[in-house]
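S.K.: Pasting a predicted model and its sequence here:
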Amino acid sequence: MNSMNQKKICILGMFGVGKTSLVERFVYNKFDDEYKSTIGIKVCQKLLSPIETDQHKIVQFNFLLWDIEGAEVITPQIQNYMIGAHGALIVSDLTRPDSISVANNIVEAYQQTAPGTPFVLAGNKFDLIAAESENIQQLEELGETLKAPVLLTSAKENNNVEAAFEKLGLLIASS
Amino acid sequence: MNNRDIPNSFDDPFKQLKHLLLTEDQNRIQQLEAEIQRLHEQLNEKDHLIETLQPVIAELLENKIRNSKAEMAESLAPVMSEAIKVQIRDAKEDMVDAMYPIVGRMVSKAVTEAMKKFAANINQQLNKTFNFSRWFRSLIARFKGVSQAELIMRDALPFEIQRVFLIAKNSGLLVSYANREGLSPENDDAHIIGGMLTAIKSFVETSFSNDDPGELREIEHSKSTIRIDSAIYSYLAVVYNGIPPEDFSKSVRELHENIHGRFYRKLRDHDGDNSHLKEIEQPLKSYLEVTQNS
Ligand SMILES: Nc1nc2c(ncn2[C@@H]2O[C@H](COP(=O)(O)OP(=O)(O)O)[C@@H](O)[C@H]2O)c(=O)[nH]1
Ligand SMILES: [Mg+2]
């Protein structure tokens, strides 16, 4: 067994925002909408590139990505899936403002369940939206309030996907 | 008759003599006639007869059975079987009561028989594998702290452990892992399986625990079963095929207790770094080897 650090990462967000697409892009570098989860959750893994910490230490993470469906309603089940997480990618769909307010609720539940662990806000489907969109502004404001980094991603066009996970890795390494 | 005859009979001296000589006998004959009549009635009237014979019939049968058993059996058998049929039909419960001790004995005998065969099977294994193999086994058994019987059991039963996972309870991250040699060499999916197991466990426990916080203990799919043993900071998942020996649950429990007892602090503080938990691999591997077919 390899000795790198394993980290549990929750991928959370409203239905259809592109959680599964982001994971598939990151892990398998592919994009399609064939995949359908049967039990509302899928675990994948991805070995990150080594990261240099603030203390100039090199660490390497093996991310165990929990692609969790149905988090728009925070049930005890959803909250149990978050237990023990080291970080979260909270995804919203830049074309749907409602998915951004849902992201806010999800962050609240996540911070309750895995307190003190970092999370990154991903505004996905960036390819579908103009750079000066109000929705981007709304998400960036949310990021400021929550003191969380915001990354505008496109699973489809492979934009910022790796960067979002690497950012999360950096935050975990220095937390 | 007498009254009518006597006056006339005096006419005949021979008759007179006869009367004098035979009166006593005639009275006795009359008495006998009455007695015969009574017996006759007793024999012909069913109720009387039964009353008379009752005291002796049991004795009679007993004698008869003792002296000519086969004969009796032959003639009674058809009657008996018919009687039993009727009795079973009409008085099932009484019959059950009556048969119960016998059937119980029969069943226990069958079980004893099966156990004997099983024991014989084990003994055969013992004899077959005597000399080097047996000596080697007892050595392994002593070395690994399992009984030799346990080692022999595994040969007698079709049972095989495929993989053993030790998973940190909180994060669901894999802490340690062992698989059977010869099984697919990519232990790479072990982390994913560990995560999925945790997800499924959490799903089942949240969905089906009404007020009772029970824990998922077993997952079964086609030939494979996953036995899950939970402790405070970890759970142990054992994937096996076939029928586990009787003390399998206990052995899983003991293995896990042993590991948890030694490493619980590290398990509690587990943060995804397994490098300081490498020691756990050895007991997992040994456990797997013990149950592995030679
Ligand atoms: N244009 C575009 N479509 C996307 C992107 N990511 C996901 N989708 C589409 O959005 C839909 C929902 O994606 P999915 O990953 O299943 O969302 P999930 O429910 O959050 O897992 C699918 O039809 C995807 O093809 C993206 O970055 N750009
Ligand atoms: Mg999905």
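M.R.: Arrived safely, thanks for sending. Ligands and ions are numbered 1, 2, ... in the order given.

S.K.: what residues does chain A put near chain B?
M.R.: By CB under 8 Å from any CB of the partner chain, the residues of chain A that approach chain B are A:1, A:3, A:5-8, A:39-45, A:61-62, A:64, A:66, A:76-77, A:80-81, A:83-86. C-beta: built from backbone N, CA, C; applies to glycine.

S.K.: what does chain A put close to ligand 1?
M.R.: Residues of chain A lying close to ligand 1 (CB under 6 Å from any ligand atom) are A:13, A:15-21, A:33, A:124-125, A:127-128, A:154-156.

S.K.: Name the nearest of those relative to A:L170.
M.R.: Nearest to A:L170, judged by CB to CB, of the residues of chain A next to ligand 1 is A:N124 at 20.0 Å.

S.K.: and that closest one, how many neighbours does it have?
M.R.: Neighbours of A:N124 under the rule other CB atoms under 10 Å in any protein chain shown: 29.

S.K.: Contact partners for it?
M.R.: A:17-18, A:21-22, A:91-94, A:153-155 (CB atoms under 8 Å, 6 or more residues apart in numbering or on different chains).

S.K.: interface residues of chain B facing ligand 1?
M.R.: By CB under 6 Å from any ligand atom, no part of chain B sits against ligand 1.

S.K.: Tell me where the model's unsure across chain B.
M.R.: Applying pLDDT under 70 to chain B picks out residues B:1-11, B:92-93, B:95-157, B:181-188, B:210-213, B:291-294.

S.K.: ok, now chain A?
M.R.: Judged against pLDDT under 70, the low-scoring parts of chain A cover residues A:1-3, A:33-39.

S.K.: Grab the most central residue of it for me.
M.R.: Nearest to the mean C-alpha position of chain A, by CA atoms, centre = their mean, lies A:L89 at 1.6 Å.

S.K.: Correct me if wrong, but it is in a strand.
M.R.: Yes. Counting by DSSP: H, G, I helix; E, B strand; the rest coil, A:L89 is part of a strand.

S.K.: That one: what's it in contact with?
M.R.: Each residue near A:L89 by CB under 8 Å, 6+ apart is listed here: A:9-12, A:19, A:22, A:119-120, A:122, A:164-165, A:168.

S.K.: Tell me the one of the residues you listed nearest A:E72?
M.R.: Using CB to CB, these come closest to A:E72 at A:L12, 9.4 Å.

S.K.: where does that closest one land in three-state SS?
M.R.: On the basis of three-state DSSP, A:L12 is classed as strand.

S.K.: and what of A:Q6?
M.R.: Following three-state DSSP, A:Q6 is assigned to strand.

S.K.: What is the neighbour count of the nearest residue to it once chain neighbours are set aside?
M.R.: Once flanking residues are discounted, A:Q6 sits nearest to B:G272: 3.9 Å by CB to CB, 6 or more residues apart in numbering or on different chains. Look at B:G272: counted by other CB under 10 Å, it has 21 neighbours.

S.K.: phi, psi of B:G272?
M.R.: phi 100, psi 0 (degrees, to the nearest 10).

S.K.: Quick one: residues contacting it.
M.R.: By CB under 8 Å, 6+ apart, the contact list for B:G272 reads A:5-8, A:61-62, A:86, B:171, B:173.

S.K.: ok, which residues in the stretch 151-294 of chain B are in contact with chain A?
M.R.: Neighbours of chain A within the stretch 151-294 of chain B, by CB under 8 Å from any CB: B:168-174, B:176-177, B:187, B:190-192, B:195-196, B:199-200, B:202-203, B:205-207, B:271-275, B:278, B:281.

S.K.: Go through these and flag which are in strands.
M.R.: Among these, the members found in strands (DSSP state E) are B:168, B:174, B:176-177.

S.K.: from those, which is closest to chain A?
M.R.: Minimum separation from chain A among these (CB to the nearest CB) is found for B:Y177, which lies at 6.0 Å.

S.K.: OK, contacts around the residue in chain B that ligand 1 sits nearest to?
M.R.: In chain B, the residue that lies nearest ligand 1 is B:A199 (15.6 Å; CB to the nearest ligand atom). The neighbours of B:A199, taking CB under 8 Å, 6+ apart as the test, are A:39, A:41, A:43, A:66, A:81, B:172.

S.K.: hmm, try it at 6 Å
M.R.: Going by CB atoms under 6 Å, 6 or more residues apart in numbering or on different chains, B:A199 touches A:I41.

S.K.: Return the distance of it relative to B:E289.
M.R.: Using CB to CB, to the nearest Å, B:A199 is found at 30 Å from B:E289.

S.K.: returning to that earlier point: out of the residues of chain A next to ligand 1, which end up buried?
M.R.: Buried members of the residues of chain A next to ligand 1, scored by 16 or more other CB atoms under 10 Å in any protein chain shown, are A:13, A:17-21, A:124-125, A:154-156.

S.K.: Mind putting those into TSV with distance to B:H256 and secondary structure?
M.R.: What follows is those, written out as TSV (distance: CB to CB, whole Å; DSSP: H, G, I helix; E, B strand; the rest coil):
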residue	distance to B:H256	secondary structure
A:G13	37	strand
A:V17	40	coil
A:G18	40	coil
A:K19	35	helix
A:T20	35	helix
A:S21	39	helix
A:N124	42	strand
A:K125	46	coil
A:S154	46	strand
A:A155	41	coil
A:K156	46	coil
